[in-house]
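Asks: pasted the sequence and its predicted model underneath.
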Amino acid sequence: MESSSRKKDYNQLAALHLVKQQDVFLSEWFESAKKDEHDPYLEKILENGSSMYQIIVAGISGQLSQNELKNLANKVAHERLEAHVNIGDFVYNVNLGRSIIVKNIIRSEMSAAELQEIIDEINHLFNLFCYHAVSYYTNLQNQELKEKNLFISENHKDKLAVLGQISSSFVHEFRNPLTAVMGFNKILKNEHPDIKYLDIIEHELNQLNFRITQFLHTSKAEINQNTRDTISIADLFKDIQMLTYPSLADNDINVSIDIDRHLMIEANEEELKQVLLNLFINSIDALKTQTKPRNILVKGFSEEKEGMIIISNNGPVIAAEHIKTIFEPFFTTKELGTGIGLFVCKKIIEKHGGIIACTSNDDLTAFSIRMPLHAI
């Protein structure tokens, strides 16, 4: 009983000592604390320091409410987040205050044994304050990030909804006359096979039809499961090479294809062809300004129950920051790009249960597709 009474006396003595040293503490702490002159809560820093000091005094003298400490921690955390202050600066200021208080307590006339319990209590209160503040700061920051991501997602959805409406109108207005022109061009080739440039016209019409299909896919919600076929990837790339031959020849591009003849994937052939053709054309575009040799390498093989397709080129490196957003809608590095090609590719591959990724370094830029061999 006497020991408990003596401990209470020591605590009261320490609390009284701190009360007398409050102005000295606040002056020393505020002068050394990390501050930003643009902080909208700059005038609150000294006020919060004073409140924390009073909490320490109340804690030592046994008159502290736990809610009081937590409420102050949450208040300070909210202000620090609003001020966009680095959380490291806040933790530094808290520990600076702890050090100054402990230093002042040590200067009192109490023995080392008497001081140890009081210092332990001070450290406990500061640790508790720091825990509540950082936890609340982190929760607020996560909530803010979640709201921003939701806003970005909704903004993308709005853009895609508008693009879907445009796509429907675009396809309706352009595909009918385009189909007629393509049909008459074929009739001309059959009736007058010696007319020059009909092959070039056919190629360009196919390219235009391909671009229109890209817009159409941005508004499609689902893949028609009934249209899936077992596709030979090697045969598919033969068609792609034929479609792109004029561009390959004009730009003197070397193409090396190493695809396992047994690589067969169950997919919607039209959509998978669109993806691979888009990636192949992107490689051609990337090589147009590249010094020779200009190389495209296509690999295809199976791994257990998955098929791997890799299209790479030795064109310019894609910046690391662009790799992170290259599949986002409306993002493009091309001067006249729409920013939907790779987004549509990702959308189609993911609907087939696959994954598409991009890597780039000084030697090669590669787009890799991993897909289930059989429909899921």
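Replies: Received it, and whenever you're ready, just let me know what you need.
Asks: just the buried positions in stretch 310-320, please.
Replies: By 16 or more other CB atoms under 10 Å, the buried positions in stretch 310-320 come out as Ile310, Ile311, Ser312, Asn313, Asn314, Gly315, Ile318. C-betas here are computed from N, CA, C, even on glycine.
Asks: swap that for stretch 70-80, please
Replies: Result for stretch 70-80 [16+ other CB under 10 Å]: buried residues Lys70, Leu72, Ala73, Asn74, Val76, Ala77, Glu79, Arg80.
Asks: what does stretch 55-74 give?
Replies: Applying 16+ other CB under 10 Å to stretch 55-74 flags 55-61, 64, 69-70, 72-74 as buried.
Asks: then stretch 249-268?
Replies: Of all the residues in stretch 249-268, those buried under the rule 16+ other CB under 10 Å are Ile253, Val255, Ile257, Ile259, Leu263, Met264, Ile265, Glu266, Ala267, Asn268.
Asks: which one of the buried residues of stretch 70-80 is nearest Asp199?
Replies: Nearest to Asp199 among the buried residues of stretch 70-80: Arg80, at 67.6 Å, using CB to CB.
Asks: quick one on the thing from earlier: relative to Val298, which of the buried residues of stretch 310-320 is nearest.
Replies: Ile311 (5.4 Å).
Asks: ok, the closest one - contacts?
Replies: Contact analysis of Ile311 by CB atoms under 8 Å, 6 or more residues apart in numbering lists Leu276, Leu279, Phe280, Ser283, Ile296, Leu297, Val298, Ala366, Phe367.
Asks: can you name the next helix or strand after the helix or strand that it is a member of?
Replies: Under the criterion of DSSP states H and E, Ile311 resides in strand 306-313. Next in sequence after strand 306-313, counting helices and strands by DSSP H and E, comes helix 320-323.
Asks: before we move on, the earlier item: of the contacts of Ile311, just the buried ones, ChimeraX syntax please.
Replies: Burial among these is assessed by 16+ other CB under 10 Å; the matching ChimeraX selection reads:
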select :276,279,280,283,296,297,298,366,367
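Asks: from the contacts of Ile311, which land in strands?
Replies: Ile296, Leu297, Val298, Ala366, Phe367 (DSSP state E).
Asks: and the protein, split by domain according to the record?
Replies: For the chain, automatic domain parsing gives the domain ranges 2-148, 227-372.
Asks: now those in JSON lines, with distance to Leu208 and mean pLDDT?
Replies: As requested, the domains of the chain are arranged in JSON lines below (distance: least, CB to CB, whole Å; pLDDT from 0 to 100):
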{"stretch": "domain 2-148", "distance to Leu208": "39", "mean pLDDT": "85"}
{"stretch": "domain 227-372", "distance to Leu208": "12", "mean pLDDT": "89"}
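Asks: export these to a markdown table and tack on distance to Pro177?
Replies: Output for the domains of the chain, formatted as a markdown table (distance: least, CB to CB, whole Å):
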| stretch | distance to Pro177 |
| --- | --- |
| domain 2-148 | 44 |
| domain 227-372 | 21 |
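Asks: which of those domains sits closest to Gly183?
Replies: Across the domains of the chain, closest to Gly183 is domain 227-372 (CB to CB), at 18.2 Å.
Asks: how far is the closest one from where the chain is centred?
Replies: The chain centre lies 22 Å from the centre of domain 227-372; the measure is CA atoms, centre = their mean, to the nearest Å.
Asks: and that domain, end to end?
Replies: Taking CA to CA, to the nearest Å, domain 227-372 runs 16 Å from one end to the other.
Asks: and the residue positioned nearest the centre of the chain, how far is that from Ile318?
Replies: Closest residue to the average C-alpha location of the chain: Lys324 at 6.5 Å, with CA atoms, centre = their mean. For Lys324, the distance to Ile318 equals 10 Å [CB to CB, to the nearest Å].
Asks: list the buried residues for stretch 278-298?
Replies: 278-284, 286-287, 294-298.
Asks: distance to Leu96 for the residues you listed - can I get that in a markdown table?
Replies: Formatted as a markdown table, the buried residues of stretch 278-298 follow (distance: CB to CB, whole Å):
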| residue | distance to Leu96 |
| --- | --- |
| Asn278 | 57 |
| Leu279 | 56 |
| Phe280 | 60 |
| Ile281 | 60 |
| Asn282 | 55 |
| Ser283 | 57 |
| Ile284 | 61 |
| Ala286 | 54 |
| Leu287 | 58 |
| Arg294 | 60 |
| Asn295 | 60 |
| Ile296 | 60 |
| Leu297 | 59 |
| Val298 | 61 |
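Asks: in helices only, show me these.
Replies: Per DSSP state H, helices hold the following members of the buried residues of stretch 278-298: Asn278, Leu279, Phe280, Ile281, Asn282, Ser283, Ile284, Ala286, Leu287.
Asks: report how many residues lie close to the nearest residue to the fifth one once chain neighbours are set aside.
Replies: Nearest-residue entry for Asn282: Gly341, 7.0 Å, with adjacent residues in sequence omitted and distances by CB to CB, 6 or more residues apart in numbering. The burial count assigned to Gly341 is 21, neighbours taken as other CB atoms under 10 Å.
Asks: and for the one 10 residues further on?
Replies: A count of neighbours around Lys351, defined by other CB under 10 Å, yields 16.
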